[in-house]
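**Q** Fold the following for me, if possible:
(one chain, ligands or ions: 1)
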Amino acid sequence: ATPALSAADNKNIVRRKLTGYVGFANLPNQWHRKSVRKGFNFNVMVVGESGLGKSTLVNTLFNTALYPPKDPKQPSLEIIPKTVAIESTSADIEENGVRLRLTVVDTPGFGDFVNNDESWRPIVDSIESRFDSFLEAENKVNRTNIADTRIHACVYFIQPTGHSLKPLDIEVMKRLHTKVNLIPVIAKADTLTDEEVTAFKKRILADINYHNIQIFEGPRYELDDDETIAENQEIMSKVPFAVVGANTEVQIGNGRKVRGRRYPWGIIEVDNEDHCDFVKLRQMLIRTHMEELKEHTSNVLYENYRSDKLTSLGVTQDPSVFKEVNPAVKQEEERALHEQKLAKMEAEMKMVFQQKVAEKESKLRQSEEELYARHKEMKDQLEKQRLELEEKKNRLETGRPLEEKKGRKGFSLR
Ligand code: GTP
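**A** Coordinates of the predicted model:
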């Protein structure tokens with residue numbers, strides 16, 4: 001059952017085995033034909049200091065001269081830029097009838113200044129402005145065929161120093177990781193030995209972990225089969241990819257021509273997995289995870305940016321929209337209602353109890369008052385009697401003795 005269905009909808013779903021061919025098994029083919037007809041697009045950004053081999057690697061990756069070869073005679077000093085520039089190059093490439101509109105966004109000037117503090121800003125601005133254009137297009141009346149210019153992957157070139165990440169690398173990665181799929185690569189890995197590459201990779205990963213930088217991790221495992229999971233783990237075990245770029249072919253021992261770089265001491269082959277991680281990077285970026293990179297950009301990175309942006313603009317989501325479709329929210333709501341009912345009953349019981357206590361107390365107070373009044377009355381009566389007796393006594397003591405004597409006398413006389 002899909003999570004979008006409510007509990008009531010789920011109850012109405014019955015599982016049936018088909019007795020004959022219906023034809024919806026052909027859906028993937030329909031999807032395939034439609035996608036091929038429409039073509040694909042992929043936008044990749046390359047970030048790294050100049051001279052790290054960015055253009056060479058992109059050309060090697062797509063096996064095309066996307067970047068025209070630089071003319072060494074042309075001095076690049078005529079106009080010295082003051083900030084990092086954002087340059088976008090697009091090309092339509094085709095392989096076995098499948099068309100791909102590839103856009104490479106370069107960031108010339110990055111890390112080239114004396115002060116590189118703000119180097120990340122034009123890059124982040126460019127990524128955000130692409131999100132903004134997409135958001136704007138989505139909000140238009142006609143939103144079919146929106147051109148997707150969002151950056152789907154950002155290949156970050158790390159200088160092959162063999163030490164660890166530089167403060168500039170950390171700063172830039174921290175600024176980028178929530179907005180783009182970061183793929184770190186060690187540039188010109190042929191300048192390091194195997195042991196140096198292994199140690200360098202460890203230190204880079206430790207830095208990335210320490211600074212909580214989120215790099216692209218490949219697809220989620222839940223829906224994949226064991227083979228795909230193993231393949232993905234193998235690719236991810238090579239991150240950060242130690243890459244070598246070369247657009248020229250060199251002849252190796254058996255007369256075979258390979259893409260590689262020739263040195264006095266030997267040849268490094270770009271497409272040889274024993275020599276570098278270029279094949280794994282290409283596998284991730286193009287062969288297996290291109291769709292995943294696009295989906296993650298759209299469903300996670302863009303969605304987060306979009307909701308933050310709309311929230312900051314004061315747009316709120318009507319919570320009732322979620323109540324209908326989300327069983328967890330519905331359950332939570334029912335629980336809250338039940339708790340409310342219990343609280344109400346408890347309050348009512350408390351009130352009745354308090355009322356009874358108050359009644360009892362007032363009855364007790366009343367009988368206490370009555371008792372007190374009776375007690376006072378008796379006391380008053382006793383006091384009165386005492387006073388009367390006192391008076392009598394006084395009278396007897398003062399006046400009566402005579403009378404008494406007289407009386408007695410008289411009596412005795414009588
Ligand atoms: P900017 O365009 O100035 O930013 O440079 P970039 O990063 O695009 O570098 P580019 O691809 O122009 O390469 C610069 C130099 O490095 C060239 O001479 C390349 O031949 C060389 N180079 C490219 N890739 C590699 C590599 O993997 N290993 C080695 N040793 N050299 C490389």
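
**Q** Does anything pack onto the host helix or strand of residue 134? Which helices or strands?
**A** Assigned by DSSP states H and E, residue 134 belongs to helix 120-138. Identification of packing neighbours for helix 120-138 by 3 or more CB pairs under 8 Å, 6 or more residues apart in numbering; DSSP states H and E yields strand 40-47, helix 167-176, helix 303-312. Any C-beta I mention is one placed from the backbone N, CA and C, and that applies to glycine too.

**Q** and those, which one is worst for confidence?
**A** Ranked by mean pLDDT, the helices and strands packed on helix 120-138 end with helix 303-312 at the bottom, a mean of 87.

**Q** who touches that helix?
**A** Here helix 303-312 makes contact (CB atoms under 8 Å, 6 or more residues apart in numbering) with 128, 131-132, 135, 178-179.

**Q** rerun at 6 Å
**A** For helix 303-312, the surrounding residues in contact (CB atoms under 6 Å, 6 or more residues apart in numbering) are 131, 135.

**Q** Can you point out the buried residues in it?
**A** By neighbour count on 16 or more other CB atoms under 10 Å, the buried set for helix 303-312 is 305-306.

**Q** before we move on, what about stretch 28-44?
**A** Neighbour-count burial for stretch 28-44, counted by 16+ other CB under 10 Å, picks out 41-44.

**Q** I'd like the distance from it to the chain centre, please.
**A** Stretch 28-44 sits 29 Å away from the centroid of its parent chain (CA atoms, centre = their mean, to the nearest Å).

**Q** Over to stretch 226-242?
**A** Taking CA atoms, centre = their mean, one finds stretch 226-242 lying 24 Å from the centre of the chain it belongs to.

**Q** How about the secondary structure of residue 218?
**A** Three-state call for residue 218 (DSSP: H, G, I helix; E, B strand; the rest coil): coil.

**Q** Can you give me the pLDDT of it?
**A** 78.

**Q** Test my guess that it contacts residue 231.
**A** No. Between residue 218 and residue 231 there is no contact under CB atoms under 6 Å: 9.4 Å.

**Q** picking that back up, got TSV for the helices and strands packed on helix 120-138, with distance to residue 283 too?
**A** Listed next are the helices and strands packed on helix 120-138 as TSV, based on distance: least, CB to CB, whole Å:
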stretch	distance to residue 283
strand 40-47	15
helix 167-176	23
helix 303-312	27
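
**Q** Low-confidence regions, the stretch 151-300 of the chain specifically.
**A** By pLDDT under 70, the low-scoring segments of the stretch 151-300 of the chain are 220-224.

**Q** Contacts only, for the residue in the chain positioned nearest to the ligand.
**A** Using CB to the nearest ligand atom, the closest approach of the chain to the ligand is made by residue 53 at 2.7 Å. With contact set as CB under 6 Å, 6+ apart, residue 53 has these partners: 187-188, 245.

**Q** If you count surrounding residues, which of residue 218 and residue 231 has more?
**A** The neighbour count for residue 218 versus residue 231, taken as other CB atoms under 10 Å, is higher for residue 218 (20 against 15).
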